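Asks: This is the structure alone, sequence omitted:
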């Protein structure tokens, strides 16, 4: 594990492997840096692969206040990604999974030194209540972490209430509560939608053929909206997961400039 320091003093942890042109992996909601690792591992033969913990997850800290996340969260996370890119060479391709894809596009729009962007099922265009990040922050401040997780899962992700109730009784629930603060960042990002302007650089959006229909529709709609953004559907990917081999194959071809 390596680390770098973001603009506000937050320590951002990351793993780096392989050699070649760097690609930084940005995970989604409830994920730490291990989420994208299976895909990254298959690309390390030709690329330097970097998986980092977004702030408030894994081994990364968070020097911001919860109350400030709804308004300041996106800027804090842009600074985090900028620090990682600087630490690994000054420019990089970026792979964004789910809400990490929203962050990747925001970073490109903000002028970060990004060479290519690969998106995997970013929830851009999915309706979200404008006050969701603020309600999540209030729940966290009140010490109701479990309720914050439930609220984000039902309203932010759209999971059925019965499914969330089952998750609450599962062995993995304590982990979700432990990183509950991070969902405020995800909600703050996804509520912003598509940036007004994006630089001209190679971009691709990927979805699994067996994912939730709404995510397939959002990927196709995003490609139809953003000039030059390619859309690729790969086998598998049920329940908003990334099939490692198929995803890595698509990303490898994209980075080499051979995807169709």
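Replies: Yes, it's here. This one's a predicted model, so the numbers in the text were calculated from it and none came from an experiment.
Asks: mind checking which helix or strand residue 231 is in?
Replies: Using DSSP states H and E, residue 231 sits within strand 229-234.
Asks: starting at the chain centroid, how far to that strand?
Replies: Chain-centre distance of strand 229-234: 18 Å, with Cα atoms, centre = their mean, to the nearest Å.
Asks: what does the average pLDDT come to for that strand?
Replies: Averaging pLDDT along strand 229-234 gives 96.
Asks: Give me the residues contacting the following helix or strand past that strand.
Replies: Under the assignment DSSP H and E, the closest C-terminal helix or strand after strand 229-234 is helix 244-256. Residues from elsewhere that reach helix 244-256, judged by Cβ atoms under 8 Å, 6 or more residues apart in numbering: 21, 23, 38-39, 41-43, 46-47, 93, 95, 116, 118, 120, 202, 204, 206, 208, 230, 232, 234-237, 259. For the C-beta atoms, the positions are set from N, CA and C on the backbone; glycine is no exception.
Asks: tell me the contacts of the residue lying closest to residue 236 once chain neighbours are set aside?
Replies: Once flanking residues are discounted, residue 236 sits nearest to residue 243: 3.8 Å by Cβ to Cβ, 6 or more residues apart in numbering. Residue 243 is in contact with 208, 234, 235, 236, 237, counting by Cβ under 8 Å, 6+ apart.
Asks: show me the contacts for the third one.
Replies: Read that as residue 235. Contacts of residue 235 by Cβ under 8 Å, 6+ apart are 208, 209, 210, 243, 246.
Asks: I figured the second one hits residue 233, correct?
Replies: Translated: residue 209. Yes - under the criterion of Cβ atoms under 8 Å, residue 209 makes contact with residue 233 at 5.4 Å.
Asks: overlap in contacts of these two?
Replies: With Cβ under 8 Å, 6+ apart, residue 209 and residue 233 have common neighbours residue 216.
Asks: Settle it for me: which of the two has more neighbours?
Replies: Using other Cβ atoms under 10 Å as the criterion, residue 209 and residue 233 rank with residue 233 on top: 16 against 13.
Asks: that older thread, just the buried ones from the contacts of helix 244-256?
Replies: Among these, the ones that count as buried by 16 or more other Cβ atoms under 10 Å are 23, 39, 42-43, 47, 93, 95, 116, 118, 120, 202, 204, 206, 208, 232, 234, 237, 259.
Asks: Save the contacts of residue 235 as a markdown table, and put in distance to residue 146 too.
Replies: Output for these, formatted as a markdown table (distance: Cβ to Cβ, whole Å):
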| residue | distance to residue 146 |
| --- | --- |
| 208 | 29 |
| 209 | 34 |
| 210 | 30 |
| 243 | 31 |
| 246 | 35 |
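Asks: for this protein, what helix or strand is lowest in average pLDDT?
Replies: For the chain, the helix or strand with the lowest mean confidence is helix 161-168, at a mean of 87 (criterion: mean pLDDT, DSSP states H and E).
Asks: which helices and strands does that one pack with?
Replies: In terms of contacts (3 or more Cβ pairs under 8 Å, 6 or more residues apart in numbering; DSSP states H and E), helix 161-168 is packed against helix 145-151.
Asks: Report the mean confidence score over the helix it packs on.
Replies: 95.
Asks: list the buried ones in it?
Replies: For helix 145-151, using 16+ other Cβ under 10 Å, the buried residues are 145, 147, 148, 149, 150, 151.
Asks: Now distance to residue 83 too, for these, in a markdown table please.
Replies: As requested, the buried residues of helix 145-151 are arranged in a markdown table below (distance: Cβ to Cβ, whole Å):
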| residue | distance to residue 83 |
| --- | --- |
| 145 | 27 |
| 147 | 32 |
| 148 | 27 |
| 149 | 28 |
| 150 | 32 |
| 151 | 30 |
